[in-house]
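In: pasting the structure only:
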């Protein structure tokens, strides 16, 4: 019986702490959104979370501190990657916390009201998740995917064919810049042809080109830092996998999509092309007798 009482007391304190933490997060997120209506919704949710905190504080009779690391983390994730991403991350965590509220329903009829408000908060937050930041995801994917596939292949081929780090890096950079401009131009024409009112051809081409150039710089950078060319290639391929991991994780969270399948598909294509070009580079070096 004592164990049950301690467990309930622990859950009350945890609920109290979580409500205070979420109050501070939503209060911080008010500054992240631009639309006044969205700011009002976040303020209302923040105020209600604080009322929930006061309710649990009355039950526990104790003072608690918020999870300051969580406040910092979710606030800055939302600032850097957009409100959509930050809220999706929070949503995943809150799914587990909801079970504790269900256990505490027997304590007070007011808990049922709190649970209902939490459900309403979730619906309001889902409505807040603007697709603006995800509108150009297709353009970013185009730039990233093409750069990863092309550059990993080019660098792998040139590494074996030339075996001179800086020459490989310069050749890769020139190839990458030319390809990024080409891809940006193609995306501009493609978006303009689609004639979508909510999507700017200029923005679409910009996102494609920038994504491409960023990948180019990351992938060629090891060749300027490391003298041993095959170690440079290994670091470059590892960097490509890291980019694929980060981007697919972002998309899986922001769009609520499965992560594993997309990651494996993108990684397999990029590394498969790299291996193929690696073999081609070896054949070119051996049969054309290139010696630099």
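Out: Structure received. Since the model is a prediction, treat every value here as computed from it, not as a measurement.
In: So, low pLDDT: which residues of this structure?
Out: Applying pLDDT under 70 to the chain flags residues 1-4, 92-107, 126-135, 196-198, 277-278, 280-292.
In: any idea which residue sits dead centre in it?
Out: Centroid-nearest residue in the chain, with CA atoms, centre = their mean: residue 250, separated by 2.3 Å.
In: quick one: the helix or strand hosting that residue to chain centroid distance?
Out: Assigned by DSSP states H and E, residue 250 belongs to helix 229-254. Centroid displacement of helix 229-254 relative to its chain, using CA atoms, centre = their mean, to the nearest Å, is 13 Å.
In: How about it, which residues are buried there?
Out: 229, 232-233, 235-237, 239-241, 243-244, 247-248, 250-254 (16 or more other CB atoms under 10 Å). C-beta coordinates here come from the backbone N, C-alpha and C atoms, glycine included.
In: and that helix, what does it pack onto?
Out: Packed against helix 229-254 by the contact rule (3 or more CB pairs under 8 Å, 6 or more residues apart in numbering; DSSP states H and E) you find helix 83-103, helix 137-162, helix 165-194, helix 201-225, helix 260-287.
In: Name the residues of the fourth one that come out as buried.
Out: The one in question is helix 201-225. By 16+ other CB under 10 Å, the buried positions in helix 201-225 come out as 201, 204-209, 211-216, 218-223.
In: ok, residue 7 to residue 60 distance?
Out: Distance check for residue 7 against residue 60: by CB to CB, to the nearest Å, it reads 13 Å.
In: Compare the two (neighbour count), which wins?
Out: Each of residue 7 and residue 60 has its neighbours counted (other CB atoms under 10 Å); residue 60 has more, 16 against 11.
In: mind giving me the domain split of the chain?
Out: Domain assignment for the chain by automatic domain parsing gives 2-130, 133-287.
In: Buried deepest among those, which one?
Out: Greatest average neighbour count among these goes to domain 133-287 (a mean of 18), per mean count of other CB atoms under 10 Å.
In: from the middle of its chain, how far away would it be?
Out: Centroid separation for domain 133-287 versus its chain: 17 Å, with CA atoms, centre = their mean.
In: Phi, psi for residue 49 please.
Out: When quoted as degrees, to the nearest 10, the phi and psi of residue 49 stand at phi -60, psi -40.
In: measure it to residue 57 for me?
Out: 13 Å.
In: Test my guess that the residue nearest to the centre of the chain contacts residue 81.
Out: Yes. Residue 250 is within contact range of residue 81, at 6.4 Å (criterion: CB atoms under 8 Å).
In: Is residue 31 part of a helix or strand, or is it coil?
Out: For residue 31, the assignment made with DSSP: H, G, I helix; E, B strand; the rest coil gives coil.
In: Got the phi and psi for it?
Out: phi -80, psi -10.
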